[in-house]
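For reference, the sequence and a predicted model appear below.
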Amino acid sequence: MDRTTPSNPLQHLDQWDDFVASRYQEGRPESEFRKYDPAAQPGVADFYRLNHTHQTVAFVEQKKTEYVALHKGKKSIWEAAEFLNQLVDDSDPDTDVSQIEHLMQTSEAIRKDGHPRWFVLTGFLHDLGKVLCLYGEPQWAVVGDTFPVGCAYSDQIVYHEYFAANPDSKVPEYQTLYGIYEPNCGLDKVHMSWGHDEYIYHVVKDYLPEAAHYMLRYHSFYAAHRHGAYRHLMNQHDEEMFAWVRKFNPYDLYSKSADRPSLKELRPYYEDLVAEFFPSQIDW
Ligand SMILES: [Fe+2]
Ligand SMILES: [Fe+2]
């Protein structure tokens, strides 16, 4: 690793979310998608360099072994949300909303549009996987655009050029179009780069409908849901379910606002909603 790059170059995790929101600002032409000046946001560029360098097949397999069995203890959804809220933005404490507020802004926007209760709940849960950071994972293993490992990297992935430093880019088997996968094998068989999406999917999958699984698991897979990449690995079922991923995405990107939701007023609604789908505690 480059010694001049700190292991956590973002000032805070939300800096990545803010970068994504700015990339897909309404009205921004698609042609500008990859025009980013690393000098303008050095923390973000360094973050992607680490992410693209270190997310290898071996790393993803190791993290799945560590986390997918859910051996990090039992917690209620509320305990997890309060735990996540310990991640505070010390760079700008006055303007930035807390993690729970981002979750509630997302879920409240979904609720206002009249979507079903499981969809509102999915909005409330979608970033709880960021607790990985509190388990000691570096930023590049928690957030960032996700992508399949073990096959050629799409040039639709932001900061695609940083994959040159990934050891997997020297493994010929991993660099063909399909890599270690079969054509249209379905995304469930594909290893995605490790982060908060995959983790929260495993934590909550037994309690929510399949459309929610897709929203949670692929919400940062921008190359696919925004740019149509990796269709050669998707099957017909993935294609259909990605309609849900696309339906969810604007709520994640555009529901940030200065109006802070009233946690006190909203809490009873969310207590009921969580209790409708989840037992008092689940495995994390
Ligand atoms: Fe997220
Ligand atoms: Fe989010």
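Ah, there it is. Ligands and ions are numbered 1, 2, ... in the order given.

Flag every residue of the stretch 101-250 of the chain that's near ligand 2.
Within the stretch 101-250 of the chain, the residues that sit near ligand 2 (CB under 5 Å from the ion) are Asp127. For every residue, glycine as well, the C-beta is placed using N, CA and C.

Show me where the stretch 101-250 of the chain has its strands.
With DSSP state E, counting those that start in this stretch, there are no strands along the stretch 101-250 of the chain.

OK, contacts around the residue of it found nearest ligand 2?
Nearest residue of the stretch 101-250 of the chain to ligand 2 (CB to the ion) works out as Asp127 at 4.3 Å. Residues near Asp127 by CB atoms under 8 Å, 6 or more residues apart in numbering: 84, 99, 102-103, 196, 200.

Against Cys151, how distant is it?
According to CB to CB, to the nearest Å, Asp127 and Cys151 sit 27 Å apart.

for the chain, where's the lowest mean pLDDT among helices and strands?
In the chain, the helix or strand scored least confidently by mean pLDDT, DSSP states H and E is helix 14-23, which has a mean of 92.

Remind me what it packs against, helices and strands.
Under the contact definition 3 or more CB pairs under 8 Å, 6 or more residues apart in numbering; DSSP states H and E, helix 14-23 sits against helix 42-54, helix 236-254.

Could you report the neighbour count for Pro183?
For Pro183, the number of neighbouring residues by other CB atoms under 10 Å comes to 9.

what's the answer for Val68, then?
Other residues close to Val68 by other CB under 10 Å number 13.

Now it: closest residue in space that isn't a chain neighbour?
Nearest non-adjacent residue to Val68, counting by CB to CB, 6 or more residues apart in numbering: His202, 5.1 Å away.

who touches Phe248 in this structure?
119, 122-123, 126, 215, 219.

And for Arg260, the neighbour number?
Arg260 has 11 neighbouring residues, counting by other CB under 10 Å.

per-residue confidence for it?
For Arg260, the pLDDT comes out at 87.

One more: Val88?
On pLDDT, Val88 comes in at 69.

how much space is there between the residue of the stretch 101-250 of the chain closest to ligand 2 and Glu101?
Counting by CB to CB, the gap from Asp127 to Glu101 is 11 Å.

Can you list the residue ranges for helices in the protein?
Secondary structure of the chain (DSSP state H): helices at 14-23, 42-54, 57-67, 77-84, 99-112, 117-125, 196-204, 210-217, 222-225, 236-254, 263-277.

closest one to Asn166 among those?
When these are compared by CB to CB, helix 42-54 sits nearest Asn166, at 5.5 Å.

In CSV, list the contacts of Phe248 along with neighbour count.
Putting those into CSV (neighbours: other CB atoms under 10 Å) gives the following:
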residue, neighbour count
Phe119, 22
Thr122, 29
Gly123, 25
His126, 25
Met215, 30
His219, 24
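
How much space separates the residue of the stretch 151-284 of the chain found nearest ligand 2 from His225?
Per CB to the ion, the residue of the stretch 151-284 of the chain with the smallest distance to ligand 2 is Asp252, at 4.4 Å. Per CB to CB, Asp252 is found 11 Å from His225.

now do Tyr24
11 Å.

Which of these two has more residues huddled nearby?
His225 (21 against 15).

Isn't the more buried one up against Tyr218?
Yes - judged on CB atoms under 8 Å, His225 makes contact with Tyr218 at a distance of 6.3 Å.

overlap in contacts of these two?
In terms of CB under 8 Å, 6+ apart, His225 and Tyr218 are both contacted by the residues 242, 245.

okay, and the common contacts of Asp252 and His225?
His219.

What is the end-to-end distance of stretch 67-85?
End-to-end distance for stretch 67-85: 21 Å, by CA to CA, to the nearest Å.

same thing with stretch 136-148?
Across stretch 136-148, the terminal residues are separated by 23 Å (CA to CA).

How far off centre is it?
8 Å (CA atoms, centre = their mean, to the nearest Å).

what does stretch 242-252 give?
With CA atoms, centre = their mean, you get 12 Å for stretch 242-252.
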